[in-house]
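Asker: Could you work out the structure for the sequence below:
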Amino acid sequence: MVVILEKNATPEQIENITKHLEAYGFQIHKSTGAERTILGAIGVKPNFDTRNISILDGVDEVYRITTPYKLAGRNFHEADSIIKIKDVEIGGKHIAMMAGPCSVESEDQIFRLTKVVAQSGAKIVRGGAFKPRSSPYSFQGLGEEGLKLLRAAADEYKLLVITEVMQMDQIDLIYKYTDIFQLGARNMQNYSLLKELGRVDKPVMLKRGIAATIEEWLMSAEYILSGGNRGVILCERGIRTFESYTRNTFDLSAIPVVHKKSHLPVIADPSHATGLRDQVPPMARAAVAAGADGIMIEIHDDPENALSDGPQALLPETYLKLMNELKLIAAAIGRTI
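Answerer: Presented below is the predicted three-dimensional model:
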């Protein structure tokens, strides 16, 4: 249920309305806009009479939300959300760039590639310290040592860090080193992990599951939002279909669909979506044109010997060229990179 307050509603009236909603058993989430305050009342009350709230002083309108994702939808938060981390914004007119290797492999490697990321103008470096791999015999990451190296490289070049969390007992450790938690496709419906990330005070980038519908994706975001963490960023990274030429099928249409249904920013990951180096630049260009709020790119200066996902990593010179192309496309649609 959404409670839209009058423009001149006083703090005392807002507090009184909140107390009434809580007394009826609702969980309250407040969204304060430029002109109005909206209260999202979360809870299943099939026979609740909305007139109990509409008669209260300060209430302008009360209506039920029919979509299952209450906090992620635009009914609750009409304006686009902008996630601000230090001096970086994700959402709005600026398109955020994230780049780096699939895995942190060594000190020399992560510092070399982080320097390339900084030279490109991107503000966020990516790198995996804990790697979910299809084979138990594949490289699984350097663990905390990888986190330390990633943080040191980011600090050296004044960048933010995004890295993946795989399970609940890693949250406190990763929290010390990252600026943004990444939740991978395999964990999109790990509801226990989603709930725990709803309690942290750092943003979470939620990747779409390999066979998830858009509604299922948004419902997973709802788990994080309902825990109190408003810094949710969505990431389209391709879905599994019958097509076998590319690693996944890049669902570009998901970007405008999600923007219509949700206020949350959407990042595109063409590296994981295609799994092929030559396909990444055209899909990155298309994602910017489709309205993505950010692009995540994997890079490596020796991809043939990379410990993970070498075939989809761009060489530094290709990545730098792509960045210049993306800036032109962004400018053509009234945005910046």
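
Asker: So what does H272 look like in phi/psi?
Answerer: For H272, the backbone dihedrals (degrees, to the nearest 10) come out as phi -70, psi -30.

Asker: That one and Q312 touch, don't they?
Answerer: Yes - using C-beta atoms under 8 Å, H272 is in contact with Q312, at 7.0 Å. For glycine as for every other residue, the C-beta is placed from the backbone atoms N, C-alpha and C.

Asker: Please identify which of these two sits among more neighbours.
Answerer: Q312 (26 against 23; other C-beta atoms under 10 Å).

Asker: Would you check that that one makes contact with R247?
Answerer: Yes - with contact defined as C-beta under 8 Å, Q312 reaches R247; the gap is 7.1 Å.

Asker: Quick check: neighbours shared by those two?
Answerer: 272, 274-276 (C-beta atoms under 8 Å, 6 or more residues apart in numbering).

Asker: Contact partners for E107?
Answerer: 149, 152.

Asker: about what we covered before: narrow the shared contacts of Q312 and R247 to those that are buried.
Answerer: Neighbour-count burial (16 or more other C-beta atoms under 10 Å) applied to the shared contacts of Q312 and R247 gives 272, 274-275.

Asker: Out of the residues you listed, which is nearest to I224?
Answerer: Within these, the smallest distance to I224 is 20.5 Å, found for H272 (C-beta to C-beta).

Asker: Quick check, pLDDT for the closest residue to that closest one other than its chain neighbours.
Answerer: Closest residue to H272 apart from its sequence neighbours, by C-beta to C-beta, 6 or more residues apart in numbering: R237 at 4.3 Å. The model reports R237 with a pLDDT of 97.

Asker: now swap in G33 and tell me
Answerer: 76.

Asker: and the closest residue to it other than its chain neighbours, helix, strand or coil?
Answerer: Distances taken as C-beta to C-beta, 6+ apart place A79 nearest to G33, at 6.4 Å, with adjacent residues excluded. Put simply, A79 is coil when judged by DSSP: H, G, I helix; E, B strand; the rest coil.

Asker: Counting neighbours, what do you get for A79?
Answerer: A79, neighbours per other C-beta under 10 Å, totals 12.

Asker: Per-residue pLDDT of the residue nearest the centre of the chain, please?
Answerer: Nearest to the geometric centre of the chain sits I233, at 2.1 Å (C-alpha atoms, centre = their mean). As predicted, I233 sits at a pLDDT of 98.

Asker: Spatially nearest residue to it (excluding sequence neighbours)?
Answerer: In this structure, I233 finds its nearest non-sequential neighbour in M205, 4.3 Å apart by C-beta to C-beta, 6+ apart.

Asker: next one: H29
Answerer: G40 (4.2 Å).

Asker: quick check: longest helix of the protein.
Answerer: Ranked by residue count under DSSP state H, the longest helix found in the chain is helix 316-332.

Asker: Show me the shaky parts of the stretch 101-250 of the chain.
Answerer: 133-134, 137-138 (pLDDT under 70).

Asker: now the strands: where do they sit in it?
Answerer: 124-126, 160-165, 180-183, 204-207, 232-236 (DSSP state E, counting those that start in this stretch).

Asker: So for I297, which of these sits nearest?
Answerer: Here strand 124-126 is closest among these (C-beta to C-beta), at 8.4 Å.

Asker: Would you mind splitting this structure into its domains for me?
Answerer: Using automatic domain parsing, the domains assigned to the chain come out as 2-63, 83-332.

Asker: Can you redo those as a markdown table, where the extra columns are distance to K70?
Answerer: Output for the domains of the chain, formatted as a markdown table (distance: least, C-beta to C-beta, whole Å):
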| stretch | distance to K70 |
| --- | --- |
| domain 2-63 | 6 |
| domain 83-332 | 7 |
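
Asker: D201 and N229 touch, don't they?
Answerer: Yes - using C-beta under 8 Å, D201 is in contact with N229, at 7.2 Å.
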